[in-house]
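J.: coords please:
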Amino acid sequence: MVKIAVILGSVRSKLGESILKYLQSRFSDNEEVTYDWIRLEDFPLEPYHHDETPLSNPISHLTSGEQKWLDRLKNNDGYVILTPEYDHAIPGVLKNALDYVGPEVDHKPVQMLKMIVLPTPVLLWNANDNFTEAGKLITNADNSDHFEQRLKEAFHEITFYTQLFHDHPFK
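T.: Model (predicted):
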């Protein structure tokens, strides 16, 4: 069995929360995969200020919050990062959180850092118009069919690659 972290990469509560809730209602733990639902706002991290580069050298003198973030990532086999676009880039808080990451995610499937890049990005546009605050898909909204199908495909894909690399580590 593999464990996939689904990370809400924004601390702005309205952005992405409804999609996260939708995914939680659609993708339950099963015999192949368990999900770890992570909200970045639960890991308040100071701006990265360590001398080490995590992909090259372990970070020394971690705070308890920093260690908690890295331990949580390390305990997963694959990752889905949900993030809104902020001026055609990822949120600064997500970038800062990823600055801490190194061996915890090495050669694990996701689309960032030294992780294995999956072939198909999941692009959702005007997502807030397609989900209720409680995480229900608004079925008569524009693109709702696309959102439901694409998210289902994405979770199938991350499960496949996570299981593959879990069973056959690439080192």
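J.: Show me which helix runs longest in the chain.
T.: In the chain, with assignment by DSSP state H, the single longest helix is helix 144-167.
J.: For residue 36, give me its contacts.
T.: Counting by CB atoms under 8 Å, 6 or more residues apart in numbering, residue 36 makes contact with 3-6, 72, 75-76. Where C-beta positions appear, they are placed from N, C-alpha and C, glycine not excepted.
J.: nope, residue 73 is what I meant
T.: Neighbours of residue 73 in contact, by CB under 8 Å, 6+ apart: 5, 79, 101, 104-105.
J.: Most distant residue from the centre of the protein?
T.: residue 140 (27.4 Å; CA atoms, centre = their mean).
J.: A helix includes it, no?
T.: No: under DSSP: H, G, I helix; E, B strand; the rest coil, residue 140 falls outside any helix and is assigned coil.
J.: mind checking the end-to-end distance for stretch 51-65?
T.: End-to-end distance for stretch 51-65, by CA to CA, to the nearest Å: 18 Å.
J.: One more: stretch 71-91?
T.: 22 Å.
J.: and residue 19, how many neighbours?
T.: 22 (other CB atoms under 10 Å).
J.: From what I see, it and residue 131 are in contact.
T.: Yes: if you go by CB atoms under 8 Å, residue 19 and residue 131 touch, sitting 5.9 Å apart.
J.: How much space separates residue 129 from residue 82?
T.: Using CB to CB, to the nearest Å, residue 129 is found at 16 Å from residue 82.
J.: all helices of this structure, in order?
T.: Under DSSP H, the chain gives helices at 17-26, 64-74, 92-99, 144-167.
J.: Much appreciated, bye for now.
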